[in-house]
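Engineer: starting from these lines, generate the structure:
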Amino acid sequence: MNKTRLMPILIVIAIGVVLAGLILLLDKPSADTAEMAAGNTGIAGENQPDTGPRGGKLFVDNGFGLELTIFEKGVPPQFRIYLYENGKPLPPAAAKVSIALTRLGAPVQLIKFVPEADYLLGDQVVEEPHSFDLAIAAERNGQTFRWGSSQVEARLEMTDEMLKTMGVEIQTAGPAVIRSMLTSPGEIVFNPDRIVQVVPRLPGIVATVNFEPGQMVKKGDVLAVIESQLLADLHSQYLAAQRRLSLARTVYEREKQLWEEKISAKQDFQAAELVLNEAKIASDLAAEKLRALGVRPEPGLKAKDLTRYEVRAPISGLIIARTVALGAVLKDDITIFTVADMSTVWTAVTVYPKDLSIVRVGQKALVKATAFDVEGEGVVTYITTLIGGQTRTATARVILDNKDGRWHPGMFVNIELVSDEIEVPVAVSAQAIQTFRDWTVVFGRYGGYLEARPLELGRSDGKMVEVLKGFAAGERYASGNSFAIKADIDKAGASHDH
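Structural biologist: Okay, here's the model as predicted:
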């Protein structure tokens, strides 16, 4: 082959070699690029680390790399670290690593790592929320590498003035008495000891009816007026007895004067005295018959008032029944009104057989209406000894003060009985408990920040809740309108960054 035909082929080959060399040079990382990568891994407060091959945070310095992940699939969250050199994986024993983890309001947590499969495994659980500052120290071939990082989760910055405006109250966790409560249904009923049946006491015809069922009456109010012939007879007997008494007194005074003046015999004086005493007895008897009916004896009554009998309320209370009508003919023993004293009422509490050993006489009880916001306190005064044949339940009685008229018979209520009292070392207000993601939390107050603290809870009495894990005595937290804190954190979009 001549030189003229070889020259183009040699030129194409030379160009290909040059292009291949340029591609290799561009593909190789430069020193500046390595330094930038190291800078991106830098100290907390600088740019955050890059993402490693396994989705964790990648820290690189002088070719040595460390990828930090949090693994929590099927196990409690733990740190896992993967080692690299010049981008290639290293065995987990190639370096010693430790992490100092710092949270708001908590001491520093020192985490050490041990080799496990192809990674280093942290020796402690990384509690939620994953909001903390990290100081990472790694030692390889006599050289120490240090990095810093931070991440924020479920945290909100807010001033005291803003919290006050939102209605959020800051409280302090500490010891509390938790009262174990037994809740049972019940019903408000009349106090049967304070229900009075009103009878007319004598027969007659109803002339006036003044009150209806459901009305309140005071003691002495005239409930109805009856015209009674028997009353007229009693008034007549009383008036006749009064006249005979007056005549007997006059005769007695005259005979006494005559006997003292030695004009008449002593027997005449004694006979007059006997008649006077008999007249007094007859008058007193006639008066007592009227008083027994609630009628005041009055000598000067007009003829039209002799038959008028007023049926008066024996107590102050509520008229719960009326069986009388205008013009009705009554017997003396028929109940015409039923009046209930409403100053106290009973609560009939349903007690199931399994709870009979808990409920006892003298036990404090909190009664709450189911229909609206009314509650009161009382004590158990009685428990039935027999269990009802149909309901298979017993009944306990709680007496409630009702001078203000809040309780109405027929109201359904829930009764909370204190079954046990125990003091716990750490408790928080029940109002502070919120559900955040899949956690049960309170929002701890740390300086100007609020941050979710997942809790393991114990006993509760509806007001205070025992904290078994996740919060310590003396820590402050948001109570009251703490739901607003949750809403603001959700709006802020605090990440769940692993």
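Engineer: how about residues contacting the host helix or strand of L66?
Structural biologist: Using DSSP states H and E, L66 sits within strand 64-71. Where contact means CB atoms under 8 Å, 6 or more residues apart in numbering, the residues beyond strand 64-71 that reach it are 49, 52-60, 77-85, 87, 95, 97, 126, 130, 134, 136, 138, 140, 143, 145, 147, 149, 498. All C-beta atoms are positioned from the backbone trio N, CA, C, and that covers glycine.
Engineer: buried subset of those, written for ChimeraX?
Structural biologist: Burial among these is assessed by 16 or more other CB atoms under 10 Å; the matching ChimeraX selection reads:
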select :49,52,56,57,58,59,60,77,78,79,80,81,82,83,84,95,97,126,130,134,136,138,140,145,147,149,498
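Engineer: so which elements touch the lengthiest helix in the chain?
Structural biologist: Scanning the chain for the helix with the most residues, using DSSP state H, yields helix 229-260. Packed against helix 229-260 by the contact rule (3 or more CB pairs under 8 Å, 6 or more residues apart in numbering; DSSP states H and E) you find strand 204-209, helix 266-292.
Engineer: can you redo the ones you listed as CSV with distance to V339 and mean pLDDT?
Structural biologist: As requested, those are exported to CSV (distance: least, CB to CB, whole Å; pLDDT from 0 to 100):
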stretch, distance to V339, mean pLDDT
strand 204-209, 14, 90
helix 266-292, 20, 82
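Engineer: just name the most buried of those.
Structural biologist: Among those, ranked by average contacts under mean count of other CB atoms under 10 Å, first place goes to strand 204-209 (a mean of 18).
Engineer: ok, that one: who's next to it in the sheet?
Structural biologist: Using DSSP bridges, the strands paired with strand 204-209 are strand 222-227 (antiparallel), strand 329-330 (antiparallel).
Engineer: need the winner for burial among those.
Structural biologist: Taking mean count of other CB under 10 Å, strand 222-227 is the most buried of the strands paired with strand 204-209, at a mean of 19.
Engineer: can I get it as CSV, trimmed to CA atoms?
Structural biologist: Extracted C-alpha coordinates of strand 222-227, given in CSV (Å, rounded to 0.1, in the frame of the first residue of the first chain):
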residue,chain,number,x,y,z
VAL,A,222,-103.1,26.7,98.8
LEU,A,223,-103.2,23.8,96.3
ALA,A,224,-107.0,23.4,96.1
VAL,A,225,-110.1,24.6,97.9
ILE,A,226,-112.8,22.1,99.0
GLU,A,227,-116.4,22.8,100.1
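Engineer: got a list of contacts for that strand?
Structural biologist: Defining contact as CB under 8 Å, 6+ apart, one finds that strand 222-227 is touched by 198, 200, 202, 204-211, 217, 307-313, 319, 324, 330, 336-337.
Engineer: so where's the stretch 151-300 of the chain uncertain?
Structural biologist: Low-confidence segments of the stretch 151-300 of the chain, defined by pLDDT under 70: 231, 235, 299-300.
Engineer: off-centre distance for stretch 364-382?
Structural biologist: On the basis of CA atoms, centre = their mean, to the nearest Å, stretch 364-382 sits 12 Å off its chain's mean C-alpha point.
Engineer: just the buried residues of that stretch, please?
Structural biologist: A365, L366, V367, A369, G376, G378, V380.
Engineer: what angle do strand 204-209 and the longest helix of the chain make with each other?
Structural biologist: Per axes from the mean of the first three to the mean of the last three CA atoms, to 10 degrees, the angle that helix 229-260 makes with strand 204-209 is 100 degrees.
Engineer: what comes up buried for helix 229-260?
Structural biologist: Here helix 229-260 shows 231-232, 234-235, 237-239, 241-242, 244-245, 248, 251-252, 255-256, 259 as buried, counting by 16+ other CB under 10 Å.
Engineer: likewise for stretch 90-97?
Structural biologist: Buried, per 16+ other CB under 10 Å, within stretch 90-97: L90, P92, A94, A95, V97.
Engineer: quick one: mean pLDDT over that stretch.
Structural biologist: Mean pLDDT, stretch 90-97: 95.
Engineer: contacts for that stretch?
Structural biologist: Residues from elsewhere that reach stretch 90-97 (CB under 8 Å, 6+ apart): 64, 66, 81-85, 113, 115-120, 136-140.
Engineer: just to revisit the earlier point, next one: the strand holding L66 to chain centre, how far?
Structural biologist: Strand 64-71 sits 48 Å away from the centroid of its parent chain (CA atoms, centre = their mean).
Engineer: rewinding a little: for the buried ones among the contacts of strand 222-227, write the corresponding PyMOL selection.
Structural biologist: Buried subset of the contacts of strand 222-227, written as a PyMOL selection, criterion 16+ other CB under 10 Å:
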select buried, resi 198+200+202+204+206+207+209+211+217+307+308+309+310+311+313+319+324+330+336+337
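Engineer: list the contacts for I489?
Structural biologist: Contacts of I489 (CB under 8 Å, 6+ apart): A154, R155, L156, F436, F443, L450, A452.
Engineer: go again using 7 Å as the cut-off
Structural biologist: With contact set as CB atoms under 7 Å, 6 or more residues apart in numbering, I489 has these partners: A154, L156.
Engineer: hang on, it is in a helix, isn't it?
Structural biologist: Yes: with DSSP: H, G, I helix; E, B strand; the rest coil as the criterion, I489 is part of a helix.
Engineer: so it versus V152, what's the distance?
Structural biologist: 11 Å (CB to CB, to the nearest Å).
Engineer: also Q270?
Structural biologist: Distance of Q270 to V152, given as CB to CB: 116 Å.
Engineer: count of neighbours near the residue nearest to I178 when sequence neighbours are not counted?
Structural biologist: The shortest distance from I178 to any non-neighbouring residue, by CB to CB, 6 or more residues apart in numbering, is to R459 (4.8 Å). Using other CB atoms under 10 Å, R459 has 16 neighbouring residues.
Engineer: tell me who's in contact with R459.
Structural biologist: I178, S180, E466.
Engineer: just the ones in strands from these, please.
Structural biologist: I178, S180, E466 (DSSP state E).
Engineer: distance to V168 and neighbour count added to those residues, as JSON lines?
Structural biologist: Converted to JSON lines, these look like this (distance: CB to CB, whole Å; neighbours: other CB atoms under 10 Å):
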{"residue": "I178", "distance to V168": "24", "neighbour count": "20"}
{"residue": "S180", "distance to V168": "29", "neighbour count": "14"}
{"residue": "E466", "distance to V168": "23", "neighbour count": "20"}
